[in-house]
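> what would the 3D arrangement of this be:
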Amino acid sequence: MEKTNEKSIIKKLDLVRYIQQFQTFLAREKPVAMQGDIHQHYRYIEALSRVQFPEPRAVPNLDTQLARIKKQAVLSLDEIYAFVTIFSYFNTLSALGFTEPLISWIQKIEIPEEIVDIVGYFTDEGNINPERDPELFKLERAIKHNKGDIKDTLYKLAHSSKLRDYLVDTQVHFNGGEETLLVRGGFNNVIKATVVARSPGGFFYILPQSISHLKEKESVLLSNKEEILYRYCKEISDIFFKWERFLHFINKEYDRFDHYQARVSFARAKEYEFILPSKSKRIKLSDFAHPALENPVPISMDFNKQIMLVTGVNAGGKTMLLKSMLSAVYLSKYLLPFKCDSSRTEVGHYKTIEAVIDDPQSVKNDISTFAGRMQEFAKLFNKEDAIVGVDEIELGTDSDEAASLFRVMLDELRKKGIHFIVTTHHKRLASLMAVDDEVELVAALYDEERRLPTYTFLQGSIGKSYAFETAQRYGVPMAIVNQAKKVYGEDKENLNELIEKSTSLEREMRSKIGKIDEELKQVEKKRLHLEDEEFKLQEQHRKAIATLENRYNAATKKAREALKVKESTEGRRLLNVAHQRKDFTQKELSKNEAVPLKEGDKVKYRSHKGEIISLRGKDASIIVDGLKMRVPLSQLKRRGDMPQLKLKPKPRKPKVEVSVEKSGATISVKLLGMYADEAIDTVDKFLSDALVNHLNEVQIIHGTGGGVLSKLVSEYLKKHPKIGKFYRMPGNLGITVVEL
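Numbering: from 1, shown residues only. Prediction:
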């Protein structure tokens, strides 16, 4: 029943072709759903997306074979090789440079030695390697030699003068697995042969008696080979029986990895993104494209209420919006990738997905459209935590009665935690629902100038159906349309115009808000630029003071050296005056400095922005780009106190680069001669700088000695949350390489 519902929802949402394309990436056919923790699956898929891996070979479903192994049955060579293919693939994966959590998972799949030996029995073509068995090797050579003799004998007969007049051609024909010659009638006058079959043209496929002894020899050789292969199959099947539980385990793990690799390969081929379902009941799509559409208009929609009511122009994409919203839920539920802006997309998790889309009316079922709709809604009262899409909800009955009925039913069903996406053309239902805070109104937009739907949507508004305009666009005469407008009524047409004006004003307002947001972004950009300029000027000022102080110290040093050579009272007095002026200048500068830094202050560390979270003596703990680090207070500069505008950052592609000259970060640090506490503090600050400056790999030079520093560094690195991998450099050089 569940598989039937699964196929039904895939068909209703136009995802059949998408699922078929995805299944071509699987090593063997299986349902798209994965059992287990979806968050764990997502972590494995994310990790696998960052590495290259070999494509798994196709393997049949082995459930029947596993059941037969449990009963100590003897498997065929092909069945055994299917298991060997799985063993070989996991051996290949264990040799790849996976990162966590993949590496831990793959390493836990330890293949027993007996099983590893079985892998060595086979060639890449799935046959027993004859070089491992002298008897089999001799048989293979004998069979090959015998086939050559048969071929040579037939070739000689096909080119003999006595048979020339009866041959249809000089080719060797395979018929029923036998090598034969094709001849005309009367051949028995010149050659003794057995007729194997007759051709459509009335000719005969014959097996000359002169090669019958060779065929008998071939039959004996093949029989002997089969005996040897059966012996191998029996021995291997006995070993499989011993490791039956392991075979069940690795078969299941192969399916699991197959799920992961197919999703990653499919996403790479289509340039799709993965979205992990969130706990919130929200569907926020950004630049979503339904897989069934070749050139879709991307959909951006935020649905965080319980009911979405979609109104507006006919053939304007209302149904496709409904299918797109439900498709995003379905695909994320099973971690299937799709096209969207993943940084701004969020999809909630729902236990079930229902689509009331098709017209249920059928002569066979003896049921009306409206009655069918009632049956669909009746089933919903037994469900919870579901998302339901209903296309043209009032279909099949009086619109005013339907509006009241569906208004009450939607209210009751949403109390059970059911969310709805509903399309309708009837304004009565829209007006009844519009006053509810849990109802999201969405209008499909229409281009008045071009008289075409735009396939875009406006949230917070009711849309006009544009029935008259649509009829005219599809060829209905203008006179008929005008007459229909008169029958429709002037007051109702005025209502339509008010709806359209409301929609236009809403679009204009949102356009202006967008321009204001863009201007605010520019203001914020300029503010940040001024902060950077201020920081640069402060740095230039600090460097200028340091340069003048160095020159002053050099000049006074020379003056003292001159006084040593020739003592002068006036020289001593002038030197004291210079010292007094310097002290006075430093005091004035210290007065002009900003108030001392405190917890919560916004600061700059080198070229990076951060915030102080704690102070300890002359050091401070700060947060920079999500990383906690401890630095000297002297290296921190206060940032401007202007409140920052909270703007959503544009998604950036990850970029890794090393810029030692600009950032000041180094790729190595020496700990030689340091005490334990001093060494660990140095390593902590060194790694913090490296992480902030996006270095990929650094070196810690601790020397060999007694190995104390090496051990301390290793213990520290094991506990560090941002370290991917570390290892000792070969050659006993006393260097540990750290991968960030």
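> can you list the buried residues in stretch 68-88?
If you call a residue buried by 16 or more other Cβ atoms under 10 Å, then stretch 68-88 has these buried ones: 68-69, 74-75, 77, 79-88. In short, each C-beta sits where N, CA and C put it, glycine included.
> again, but for stretch 533-549
Going by neighbour count (16+ other Cβ under 10 Å), the buried part of stretch 533-549 is Phe535.
> give me the mean pLDDT for that stretch.
Mean pLDDT, computed over stretch 533-549, is 80.
> swap in stretch 193-202?
Averaged across stretch 193-202, the pLDDT comes to 88.
> distance between it and the chain's centre?
Centroid separation for stretch 193-202 versus its chain: 60 Å, with Cα atoms, centre = their mean, to the nearest Å.
> before we move on, what about stretch 41-51?
So, by Cα atoms, centre = their mean, the centroid of stretch 41-51 is 7 Å from its chain's centroid.
> now swap in stretch 238-249 and tell me
34 Å.
> kindly report the same for stretch 378-395.
For stretch 378-395, the distance to the chain centre is 31 Å (Cα atoms, centre = their mean).
> other residues contacting that stretch?
Stretch 378-395 is contacted by residues 318-319, 322-323, 325-326, 329, 350-357, 359, 369-370, 373, 402-403, 406, 412-413, 416-426, 429 when judged by Cβ atoms under 8 Å, 6 or more residues apart in numbering.
> restricted to buried residues, select the residues you listed in ChimeraX.
Buried residues among those (16+ other Cβ under 10 Å), as a ChimeraX selection:
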select :318,319,322,323,325,326,329,350,353,354,355,356,357,370,373,402,403,406,413,418,419,420,421,422,423,424,425,426,429
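> related to what we said a few turns ago, among the buried residues of stretch 68-88, which are in helices?
68-69, 77, 79-88 (DSSP state H).
> for Thr170, phi and psi?
phi -100, psi 20 (degrees, to the nearest 10).
> please name the nearest non-neighbouring residue to it.
Ala158 (4.4 Å; Cβ to Cβ, 6 or more residues apart in numbering).
> chain center to stretch 512-519: distance?
Taking Cα atoms, centre = their mean, the mean C-alpha location of stretch 512-519 is offset from the chain mean by 33 Å.
> meant to ask about stretch 116-126
The answer for stretch 116-126 is 34 Å, by Cα atoms, centre = their mean.
> re earlier: burial count for the residue nearest to Thr170?
Using other Cβ atoms under 10 Å, Ala158 has 18 neighbouring residues.
> that older thread, and which of the buried residues of stretch 68-88 is nearest Glu273?
Ile86 (30.2 Å; Cβ to Cβ).
> and the closest one, what does it touch?
By Cβ under 8 Å, 6+ apart, the neighbours of Ile86 are Val59, Ile250, Asn251, Tyr254.
> identify, from the buried residues of stretch 68-88, the entry nearest to Phe338.
Ile86 (30.1 Å).
> so for the closest one, what's the pLDDT?
For Ile86, pLDDT reads 94.
> ok, now how distant is it from Val59?
6 Å (Cβ to Cβ, to the nearest Å).
> repeat for Ile103
23 Å.
> neighbour-wise, which of the two wins?
Val59 (19 against 16).
> so that one makes contact with Ala27?
Yes - between Val59 and Ala27 a contact is recorded at 5.6 Å, counting by Cβ atoms under 8 Å.
> what's the overlap in contacts for those two?
Tyr254.
> residue nearest the centroid of the chain?
Nearest to the geometric centre of the chain sits Phe274, at 4.0 Å (Cα atoms, centre = their mean).
> find the nearest non-adjacent residue to that residue, please.
Pro337 is the one closest to Phe274 (Cβ to Cβ, 6+ apart), at 5.1 Å.
> burial count for the one you found?
24.
> which intervals of the stretch 1-150 of the chain have sub-threshold pLDDT?
The stretch 1-150 of the chain contains residues with pLDDT under 70 at 1-4.
> go again with 80.
For the stretch 1-150 of the chain, the stretches with pLDDT under 80 are 1-6, 97.
> for it, which segments are assigned as helices?
Under the criterion DSSP state H, counting those that start in this stretch, the stretch 1-150 of the chain contains helices at 2-12, 16-23, 38-49, 63-70, 77-94, 102-108, 113-119, 134-158.
> also the stretch 151-300 of the chain?
Using DSSP H, counting those that start in this stretch, helices in the stretch 151-300 of the chain cover 212-242, 244-270.
> from memory Phe686 sits against Gln699, does it?
No - if you go by Cβ under 8 Å, Phe686 and Gln699 don't touch, sitting 10.0 Å apart.
> Asp601: which of the helices of the stretch 1-150 of the chain is closest?
Between Asp601 and those, the shortest gap by Cβ to Cβ is with helix 38-49, which sits at 35.8 Å.
> next, the buried residues of that closest one.
Judged by neighbour count (16+ other Cβ under 10 Å), helix 38-49 contains these buried residues: His41, Tyr44, Ile45, Ala47, Leu48.
> now those in CSV, with distance to Asn553?
Below are the buried residues of helix 38-49 laid out as CSV (distance: Cβ to Cβ, whole Å):
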residue, distance to Asn553
His41, 65
Tyr44, 62
Ile45, 62
Ala47, 57
Leu48, 61
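> I'd like the average pLDDT over stretch 689-697.
Mean pLDDT, computed over stretch 689-697, is 80.
> quote the end-to-end distance of it.
Chord length of stretch 689-697, first to last residue, is 12 Å (Cα to Cα, to the nearest Å).
> flag every buried residue along that stretch.
Buried-residue list, stretch 689-697, by 16+ other Cβ under 10 Å: Asp689, Ala690, Leu691, Val692, Asn693, His694, Leu695.
> and stretch 164-171, by the same measure?
Tyr166, Leu167.
> now it: mean pLDDT?
In the prediction, stretch 164-171 has an average pLDDT of 86.
> all helices of the stretch 401-550 of the chain, in order?
427-434, 467-473, 478-488, 490-565.
> quick check: neighbours shared by Phe686 and Gln699?
Counting by Cβ under 8 Å, 6+ apart, the residues touching both Phe686 and Gln699 are Val669.
> neighbour count winner among those two?
Using other Cβ under 10 Å, the more surrounded residue of Phe686 and Gln699 is Phe686, with 20 against 16.
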